[in-house]
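> Give the three-dimensional model of this entry:
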Amino acid sequence: PPCARCDLVMPMMQGVTVGAQGGGSAKRRQPVGGVARVATLGLVILGLLASHSLGENVVIEVDVAVAHPVTPVHTVADYYVSFALDNAFIRDPAVLPPDATNSTRIDFSNPQLQSLMALVSGGLLRVGGTYTDFVHYNVPGTNYTTCPYPNMTRPGAECPGNSFPCCLPLPMDRWSEVLAFGHTTGVAIGFNLNILQGRWEQYTAALQKKAPVPSAAELAPWDSSNAEALLKWTVANVPKEQWPKALGLGNELAWFITPGTWAADVQTLAKMVSDIFPAGSVPEIYAPCNANGDSVGWGGRFLDAFNGTDAGAGSDALAAFTFHGYQHGGATVDDVVTGLQGSGIDASKVFFEQIAAVHAAHAPPGTKLWITETAFSASAPQNAAHGGPAADVPAAGMLRAADLPWMLSALGSAAEAGVDVFCKETLAGDWLETIGLWQPGALPAYTAHPDFWATGLWSKLMGTRVLGANTTDTGPAPPPPPGGWIVEQDFSNAFQACGINGSATVPYLGEVDTSEECKARCVATAGCTSFSWDSRPSGGGWYKRCFGRLDGVWEPVSVGGVITGCNAAVLPACRVSQTPPVRIFSHCSRRHPHGAVVFAFASVAPLGTVDKGASAGANVVMHFTGVRNMTVFVLTSPDPAANWALLNGRNISSPADALDGGVAVLGNTVTVPLGAVGFVEAQLADGTTVSACDGA
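Modelled structure (predicted):
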């Protein structure tokens, strides 16, 4: 009905207000006349737990519109939302004693697990990770019955501490289990094969620094016989509909194997696979599954080998270039909350775009881009060796509601960067799990963690065509930062501006334990207007080093694990690195494929400080241009440490009808409490067209 403001308040959604603004409102959102077109606007509101309050009610207020309504900027794979499965697949208590992570063997027959996987059916389960290159396939036959090397009795003897013993048997019944599980739940299987076969002695010697890393000429050839036996057994003994969709080779060994050698091995694998599997059922080949910086320069040279610019040939051998990304540090709830403040929300986005640029510059035409592992951080929480109830509940931040903002922002930014498949690490079995098996606390096994519900809703609502979105921040300007300081996580204002001992304009201020101590040293230094402090234990000699800046420059760059800050009271250039304070991702709809649209929003607090109580009563207001009606799905949790979430006020710890029950509302405005995440399906007024989604 016509009115100055028509809002529908739904108490079950705990503070969510939806409605329209029209008539006397300055927003003029109410569509006038015409027949509504069905469209879907999927809403992801990533409220970050820091204060940016513009009064008691409003935190951020934005207008939103589709950026590319005619032509998609990218089209992801149908199986975009996918999962990795690491140690939980191969673990067997009979041969693999507890290790530093106490990963737990997954039970593919568990009814709860199967029910949950049905909610993300159509995705990929990439089986690989740390143990990939220490697995021996126990194919029946004289040459393949047992591991050629004995199981080790202590960690670090011949391989990494979390990978012993080095030779892990994979019986064919366990291999058949995962293939059958994928078929039963509607999830395709990708499997990483062992690239260290025939190279184990050289690898061990190099790892223990008993010998240098071998050159390409010195490295033994890949022994593909065990992999060949596994694949031939699969074709002969497994129903065709259960065969793997994709096969990878190796995992995170860029330090040991050169790009050209790895590419040649992939070409060998591709030929072998095409010879074994019948036409029309040949698995795709993906590689190399390296992490972080190894995917940049090394990755470009790897891709060049398929273009013929290096030694080698076979540009069609590689279906997908794959990489891993862990762009934050820490594992506690506070680590996750702090890491996502201010510019930290973009750390994964910046890395995804960097790898996408490498892919665009070097990959042969038609080669896809897959993330085969990613999470907020790879850091293990306190007491990880104990797992289960013995682990500190607050320690496991990536199993908690605190991880929801990272999960949805990473999904959205990867798709916009050009990623085709997104595998969340891990499905179950350790501190990165999405479904509880290792989980701290007394919850039953296979209880979904909060971020699983986000992936399930994404799978249900978000289509494959990526449109981008335009956002206008229409709220009042934020108040000045407390004390004049702006502090940002995962950025440095000293990066490449000095050596490890500083310089005349970027002085080294000593080694300190916290960023607050580093800020205090800057305050005590005449002329210092900004500081940068490295929190990364893996940062080498930079760990805990504090640097100031005396030249008045404020040009922070993204560096994971570094905290930087500037004094706005004395430095005019001091401001939050990113504007506006929202992240928006727009897709065509999965459920309504004819002209429908999906928006994903991320509200980003501009301060790098954590105050869990500061956001109480604060809201995020979103106005959707040309929207008439909406169906709202909002995930909330009362605390970032909670291991559960509410969907529209209803507990969704059970998979039964877990993702049903969107609330139908009138209007074009959604107001949610800071910290909520959610989706909105909408009807667009006649005249609002998104032709990019026609027939999607």
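> Where do the strands of the stretch 401-550 of the chain begin and end?
421-425, 462-466, 469-473, 485-492, 508-511, 530-534, 545-549 (DSSP state E, counting those that start in this stretch).
> Can you say which of those is packed in most?
Comparing the strands of the stretch 401-550 of the chain by mean neighbour count (mean count of other C-beta atoms under 10 Å), strand 530-534 ranks first with a mean of 28. C-beta coordinates here come from the backbone N, C-alpha and C atoms, glycine included.
> where's that strand relative to the chain centroid, distance-wise?
Mean C-alpha position of strand 530-534 versus that of the full chain (C-alpha atoms, centre = their mean, to the nearest Å) differs by 26 Å.
> what's it in contact with?
For strand 530-534, the external contacting residues (C-beta atoms under 8 Å, 6 or more residues apart in numbering) are 492-495, 509, 512, 514-515, 518-519, 521-522, 542-549, 553-554, 561-567, 571, 574.
> can you list the strands of the stretch 401-550 of the chain in CSV and add mean pLDDT?
Shown next, in CSV, are those (pLDDT from 0 to 100):
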stretch, mean pLDDT
strand 421-425, 97
strand 462-466, 93
strand 469-473, 80
strand 485-492, 82
strand 508-511, 96
strand 530-534, 94
strand 545-549, 96
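> Okay, buried residues for stretch 350-360 please.
Residues 350, 351, 352, 353, 354, 355, 356, 358, 359 are the ones in stretch 350-360 that count as buried (16 or more other C-beta atoms under 10 Å).
> roughly how far apart are the third one and residue 107?
Put plainly, it is residue 352. 33 Å (C-beta to C-beta, to the nearest Å).
> Inside helices: which ones of the contacts of strand 530-534?
515, 518, 519, 521, 522 (DSSP state H).
> ok, of these, which one's closest to residue 622?
residue 515 (32.3 Å; C-beta to C-beta).
> distance between the ends of stretch 123-137?
End-to-end distance of stretch 123-137 (C-alpha to C-alpha, to the nearest Å): 25 Å.
> circling back: rebuild the strands of the stretch 401-550 of the chain as JSON lines, extending it with distance to residue 446.
Converted to JSON lines, those look like this (distance: least, C-beta to C-beta, whole Å):
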{"stretch": "strand 421-425", "distance to residue 446": "16"}
{"stretch": "strand 462-466", "distance to residue 446": "25"}
{"stretch": "strand 469-473", "distance to residue 446": "35"}
{"stretch": "strand 485-492", "distance to residue 446": "33"}
{"stretch": "strand 508-511", "distance to residue 446": "45"}
{"stretch": "strand 530-534", "distance to residue 446": "39"}
{"stretch": "strand 545-549", "distance to residue 446": "44"}
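> Quick one: closest of the ones you listed to residue 660.
Judged by C-beta to C-beta, the one of the strands of the stretch 401-550 of the chain that comes nearest to residue 660 is strand 462-466, at 16.8 Å.
> List the neighbours of that closest one that are in contact with it.
Contacts for strand 462-466 (C-beta under 8 Å, 6+ apart): 42, 72-78, 80, 415-416, 585-590, 593, 596, 598, 600, 679, 692-693, 696.
> mind running it again at 6 Å?
Residues from elsewhere that reach strand 462-466 (C-beta atoms under 6 Å, 6 or more residues apart in numbering): 42, 72-76, 415-416, 587-590, 598, 696.
> Most neighbours out of those residues, which is it?
The most crowded member of these is residue 587, carrying 34 neighbours; neighbours defined as other C-beta atoms under 10 Å.
> tell me the phi and psi of that one?
Main-chain torsions, residue 587, degrees, to the nearest 10: phi -130, psi 160.
> One more: residue 284?
As for residue 284, its main-chain torsions (degrees, to the nearest 10) stand at phi -70, psi 150.
> my guess is it meets residue 246, correct?
Yes. Using C-beta atoms under 6 Å, residue 284 makes contact with residue 246 at a distance of 4.3 Å.
> So these two - more neighbours on which side?
residue 246 (22 against 18).
> how close does that one sit to residue 366?
Taken as C-beta to C-beta, the span from residue 246 to residue 366 is 15 Å.
> re earlier: which of the buried residues of stretch 350-360 lies at the shortest distance from residue 662?
Top of the list for closeness to residue 662, among the buried residues of stretch 350-360 and by C-beta to C-beta, is residue 352 at 29.3 Å.
> pLDDT score assigned to that closest one?
In this model, residue 352 is scored at 95, pLDDT.
> which residues are contacting stretch 320-334?
Taking C-beta under 6 Å, 6+ apart as the rule, stretch 320-334 contacts 286, 289, 291, 295, 339, 347-348, 351, 355, 359, 363, 367-370, 372-374, 376-379, 381, 394-395, 397, 400, 402, 536, 560-561, 640-641.
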